[in-house]
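> Sharing a model that was predicted from the sequence below.
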Amino acid sequence: MSVCGAARCRLIQTRGAVRRILQQNRTACSHTNGPAESIREKLQAFPGGSIELQKQETGIAVLTVSNPARMNAFSGSMMLELEQRVHELETWTEGKAVIVQGAAGTFCSGSDLNAVRAIANPHDGMKMCEFMQNTLTRLLRLPLISMALVEGRALGGGAELTTACDFRLMTSDGVIQFVHKHMGLVPGWGGAARLVRIVGSQNALKLLSGAKKVDPDFGKQMGLVDEVLHCSSGEGDTLAHGEQWLSQFIKGPAPVIQAVKKVVISGRELPLEQALETERNVFGTVWGGPANLEALALKPKHK
Ligand SMILES: CCCC(=O)SCCNC(=O)CCNC(=O)[C@H](O)C(C)(C)COP(=O)(O)OP(=O)(O)OC[C@H]1O[C@@H](n2cnc3c(N)ncnc32)[C@H](O)[C@@H]1OP(=O)(O)O
């Protein structure tokens, strides 16, 4: 092929890649989309529990999955509520971080099995899966640093939820387990795709095919767990310990923290040329900004 022909070929490939990414973003970022609409009514038919959101003045929000009578399993209405909470976080300009936790000393036991039984056909399953993939992708793409605080158990969809956060912290008795295989399933909320990116395909294959229990030591060893909190679930101060750990990453003004997260997301998800372009654009939002000018005026030494 001539040099011109090769260049034209590369251009066509790049355009194709850009079109695909834009398409993915449209699907994952739209607040309402056609296919997801029809599942909403079905999900609404399975009420129970709630997703609570507390936005704090520190710039840290706490998102609590709460359905204690069912070990914080996701009812249909909780799936809908999670999407609403993520939407609220997407527009939180003062925010820096979000902690995702479970109520009453345990994280989340996945889908509510009562709802699962009622929609146990491929059509509804795929719609529910599309809905949750969309929400969890948006959670991961928030311009906020996110952390799953795993007390007790994170099972099935609960394990998948932990992978939609930037960091995972665990109490010393915490367990993450992709139990899907035991249920005759594979992850469907995007958990497999994200797990491969976090721990690599070899480790992901072991965790999914063996439905292995990940305790804090195993989790740290394979890079799934970022830090172990040396306290037990339900002790009450777990959240304070989690906030303390997170504080090292969120010092400074919200626009700068959000800019950091944006360049990391684009670096993680986009082809290099596009990631570089996004990085330039984000850089332009902080260069010469208040935090930058203040730092320059202080003549800092980074010893
Ligand atoms: C794409 C998404 C795929 C999925 O998420 S599929 C769902 C995967 N999750 C599961 O299979 C979890 C099944 N549950 C369990 O293994 C155990 O209940 C669990 C969480 C280890 C807790 O065990 P224990 O401490 O002995 O407590 P327990 O079994 O008595 O549970 C207390 C009450 O909670 C209920 N529960 C727990 N997980 C649930 C779930 N996912 N859906 C609906 N209900 C659930 C459980 O039935 C029990 O209720 P009850 O007291 O019998 O009325």
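Perfect, thanks for sending it.

> For the stretch 101-250 of the chain, which segments count as strands?
Secondary structure of the stretch 101-250 of the chain (DSSP state E, counting those that start in this stretch): strands at 145-150, 153-155, 167-171, 175-177, 213-214, 227-229.

> out of these, which comes closest to the ligand?
strand 153-155 (4.5 Å; C-beta to the nearest ligand atom). Backbone N, C-alpha and C define where each C-beta goes, glycine included.

> ok now do the residue of the stretch 1-150 of the chain found nearest the ligand, which residues does it touch?
When distances are taken as C-beta to the nearest ligand atom, the stretch 1-150 of the chain reaches nearest to the ligand at residue 110, 2.3 Å away. Residue 110 makes contact with 73-74, 155-160, 179, according to C-beta atoms under 8 Å, 6 or more residues apart in numbering.

> Format those residues as TSV; extra columns: neighbour count, distance to the ligand and pLDDT.
Compiled in TSV, the contacts of residue 110 are given as follows (neighbours: other C-beta atoms under 10 Å; distance: C-beta to the nearest ligand atom, whole Å; pLDDT from 0 to 100):
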residue	neighbour count	distance to the ligand	pLDDT
73	24	3	98
74	31	7	98
155	27	5	98
156	28	3	98
157	27	3	98
158	30	7	99
159	32	8	99
160	28	7	99
179	18	5	98
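
> where are the low-confidence patches of the stretch 151-300 of the chain?
Flagging of the stretch 151-300 of the chain using pLDDT under 70 yields the residue ranges 232-236.

> Then the stretch 1-150 of the chain?
For the stretch 1-150 of the chain, the ranges with pLDDT under 70 are 1-37.

> List, one by one, the residues from it near the ligand.
With C-beta under 6 Å from any ligand atom as the criterion, the stretch 1-150 of the chain comes near the ligand at residues 70-71, 73, 109-114, 116.

> thinking again about what came up before, show me the two of the contacts of residue 110 that sit farthest apart.
74 and 179 (14.1 Å; C-beta to C-beta).

> For the residue nearest to residue 48 when sequence neighbours are not counted, give me phi and psi.
Spatial nearest neighbour of residue 48, chain neighbours left out: residue 75 (4.0 Å); criterion: C-beta to C-beta, 6 or more residues apart in numbering. Per-residue torsions, residue 75: phi -80, psi 170 (degrees, to the nearest 10).

> heads up, I number from 36, so please use that
Got it, first residue is 36 now, which makes that one residue 110.

> Now do the contacts for residue 110.
81-84, 102, 147, 150.

> domains in the protein, as residue ranges please.
74-283, 289-333 (the TED database).

> out of those, deepest packed?
Among these, ranked by average contacts under mean count of other C-beta atoms under 10 Å, first place goes to domain 74-283 (a mean of 19).

> how long is it from one end to the other?
Terminal residues of domain 74-283 lie 41 Å apart, using C-alpha to C-alpha, to the nearest Å.

> where's residue 165 relative to residue 118, distance?
Distance, residue 165 to residue 118, using C-beta to C-beta, to the nearest Å: 12 Å.

> for the closest residue to residue 102 other than its chain neighbours, what are its contacts?
Excluding its sequence neighbours, the residue lying closest to residue 102 (C-beta to C-beta, 6+ apart) is residue 84, at 2.8 Å. By C-beta under 8 Å, 6+ apart, the residues touching residue 84 are 100-102, 105, 107-110, 112-113.

> one more time with 10 Å, if that's ok
100-105, 107-113, 116, 138, 147 (C-beta atoms under 10 Å, 6 or more residues apart in numbering).

> how far away is the spatially most central residue of the chain from the ligand?
The C-alpha lying nearest the average C-alpha coordinate of the chain belongs to residue 199 (C-alpha atoms, centre = their mean; 2.1 Å). Residue 199 sits 13 Å away from the ligand, taking C-beta to the nearest ligand atom, to the nearest Å as the criterion.

> OK, contacts around that residue?
Residue 199 makes contact with 121, 135, 167-168, 170-177, 181, 183, 224-226, 229 under the criterion C-beta under 10 Å, 6+ apart.

> now the residue lying closest to residue 199 once chain neighbours are set aside: how far from residue 117?
Sequence neighbours aside, residue 171 is the residue nearest to residue 199 in space, at 4.0 Å (criterion: C-beta to C-beta, 6+ apart). Per C-beta to C-beta, residue 171 is found 8 Å from residue 117.
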